[in-house]
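Asker: my questions concern the predicted model and sequence given below.
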Amino acid sequence: MAVALASLALTGTACDDGSSPPAAGTPDAGATGQFYPCDVLAVLRAKCHTCHTMPPRNGAPMSLLTWAATQNLTSDSATVKVWQRAREYVSSGYMPYMGSPTGPLTATEKATLLAWLDAGAQPAAQACADDPGAPDAGASDAP
Ligand code: HEC
């Protein structure tokens with residue numbers, strides 16, 4: 001999908017803070033020790049990766065497989081990052097998108113995501129089991 005490819009191509013050049021994240025969706029995206037916290041990953045897997053996978057499905061513009069992907073800019077803004085938009089959309093109930101096959105968030109899932117997003121979507125240093133962003137997690141999101 002053109003939008004997803006374009007955002008991948010921009011990774012590493014759109015950052016002006018000197019800490020370019022690794023490209024989202026590559027098998028070694030977590031090699032720098034930046035992963036989703038386990039509780040957050042569990043919710044994303046259950047309710048977001050349905051569409052925000054690699055390649056994205058059901059019209060979603062990007063993958064959310066790796067923590068690095070949350071640091072990319074949104075598809076329509078030069079300043080707003082994906083995690084910041086996620087905070088807005090999860091809080092308002094706009095995501096998970098209407099008609100999602102995996103349904104809406106439970107109150108607990110929503111609280112888990114918002115607690116993490118409100119705190120700035122900080123990475124965990126250790127990968128969880130089966131983290132698609134872990135160095136040895138394999139080819140689940142490889143091209
Ligand atoms: C049924 C498919 C589906 C599911 C499930 C889903 N999304 Fe989305 N998502 C979309 C679509 C379609 C869009 C584009 C619509 C839009 O931006 O108005 C989108 C857009 C987004 C965006 C904006 C990206 C950008 O660059 O503008 C964010 C952030 C987002 N989703 C986060 C989430 C999160 C977090 C979850 C889980 C809580 C989730 N989504 C679950 C389909 C989905």
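Answerer: Cool, got the structure.
Asker: chain center to stretch 50-70, what's the gap?
Answerer: Between the centre of stretch 50-70 and the centre of its host chain there is 6 Å, according to CA atoms, centre = their mean, to the nearest Å.
Asker: quick check: end-to-end length of it?
Answerer: This stretch, stretch 50-70, spans 16 Å end to end (CA to CA, to the nearest Å).
Asker: so it, near the ligand or not?
Answerer: Yes. Judged by CB under 6 Å from any ligand atom, stretch 50-70 and the ligand are in contact via 50-52, 58-62. The C-beta positions use only the backbone N, C-alpha and C, and glycine is treated the same way.
Asker: show me which residues of the helix or strand where A111 lies are buried.
Answerer: Per DSSP states H and E: A111 is located in helix 107-118. Neighbour counts using 16 or more other CB atoms under 10 Å place 109-110, 112-113, 116-117 of helix 107-118 among the buried residues.
Asker: can you put the residues you listed in CSV and add distance to V82 and pLDDT?
Answerer: CSV is the format used below for those (distance: CB to CB, whole Å; pLDDT from 0 to 100):
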residue, distance to V82, pLDDT
E109, 18, 98
K110, 18, 98
T112, 18, 98
L113, 13, 98
W116, 13, 98
L117, 11, 98
